[in-house]
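**Q** Any chance you can model this:
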Amino acid sequence: MTTTATAPVADARALGLAHYAARGVLEHVLARHGATFQQQIALRAAVSSQVPQTSDDLITQVQDSLKADPADIRAALDELLAKQLLVADGAHLRPTDAARELLAVTGAETAPISARIWGGIPAEDLTAAGRVLALVTERADAELAALTACPRDRSSNWL
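**A** All right, here's what the predicted structure looks like:
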């Protein structure tokens, strides 16, 4: 791994900037197909599941990934149902062929962009970054769980 005195140190801001830059690319591609980031995450969860998923199952999976409001995720599922990218099959939601096609098309469109973004980064740098990101994710998930498990005392001076 090559480092210099001017190499930036990874921190929350750098992570956020990288995330939003990459997400912006994906959202641009998705928008051309009338889809949102949250819808794509929900579709991917439905398509990749080995067993049929209920709407609650999909909400939980998307919430675990995005930390989004369940009401917003439910709205995204409703939009996917309206677009016939998901169909109700009893209590389960099933992805349609159109959903699979959407994921395939957007995946094909983003693949060369991803190759340009990730290409040329040394494998050891990617491995180190992967370890750091996994640890940051684990710690942030634990902090969020602690925050949501212990509601603030309303009598405190928290702002």
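
**Q** where do the helices sit along the chain?
**A** 12-32, 37-48, 55-66, 70-82, 97-118, 123-149 (DSSP state H).

**Q** what pLDDT, on average, does the fourth one get?
**A** This predicted structure assigns helix 70-82 an average pLDDT of 97.

**Q** Packed most tightly, which of the helices of the chain would that be?
**A** helix 37-48 (a mean of 21; mean count of other C-beta atoms under 10 Å). For every residue, glycine as well, the C-beta is placed using N, CA and C.

**Q** gap between that helix and the chain center?
**A** 9 Å (C-alpha atoms, centre = their mean, to the nearest Å).

**Q** ok, now stretch 40-53?
**A** The answer for stretch 40-53 is 13 Å, by C-alpha atoms, centre = their mean.

**Q** got JSON lines for the helices of the chain, with distance to Thr6 too?
**A** Output for these, formatted as JSON lines (distance: least, C-beta to C-beta, whole Å):
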{"stretch": "helix 12-32", "distance to Thr6": "14"}
{"stretch": "helix 37-48", "distance to Thr6": "33"}
{"stretch": "helix 55-66", "distance to Thr6": "34"}
{"stretch": "helix 70-82", "distance to Thr6": "40"}
{"stretch": "helix 97-118", "distance to Thr6": "22"}
{"stretch": "helix 123-149", "distance to Thr6": "16"}
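
**Q** between these, which one is nearest to Ala91?
**A** Evaluated over the helices of the chain, closeness to Ala91 peaks at helix 55-66, with 8.2 Å, by C-beta to C-beta.

**Q** Now find how far off-centre that closest one is within its chain.
**A** 11 Å.

**Q** Point out the other helices and strands that that helix packs with.
**A** Contacts defined by 3 or more C-beta pairs under 8 Å, 6 or more residues apart in numbering; DSSP states H and E place helix 55-66 against helix 37-48, helix 70-82.

**Q** ok, 10 Å please
**A** helix 37-48, strand 53-54, helix 70-82, strand 86-89, strand 92-95 (3 or more C-beta pairs under 10 Å, 6 or more residues apart in numbering; DSSP states H and E).

**Q** nearest to Gly107, of these?
**A** helix 37-48 (9.6 Å).

**Q** Render the CA-only coordinates of the closest one in PDB, please.
**A** Below are the C-alpha coordinates for helix 37-48, written out as PDB (Å, rounded to 0.1, in the frame of the first residue of the first chain):
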ATOM      1  CA  PHE A  37     -32.400   4.100  -4.700                       C
ATOM      2  CA  GLN A  38     -34.700   2.700  -2.000                       C
ATOM      3  CA  GLN A  39     -36.900   0.900  -4.600                       C
ATOM      4  CA  GLN A  40     -33.700  -0.700  -6.000                       C
ATOM      5  CA  ILE A  41     -32.600  -1.900  -2.600                       C
ATOM      6  CA  ALA A  42     -36.100  -3.400  -1.900                       C
ATOM      7  CA  LEU A  43     -36.200  -5.100  -5.300                       C
ATOM      8  CA  ARG A  44     -32.700  -6.500  -4.800                       C
ATOM      9  CA  ALA A  45     -33.800  -7.900  -1.500                       C
ATOM     10  CA  ALA A  46     -36.900  -9.500  -3.100                       C
ATOM     11  CA  VAL A  47     -35.000 -10.900  -6.100                       C
ATOM     12  CA  SER A  48     -32.100 -12.300  -4.100                       C
END
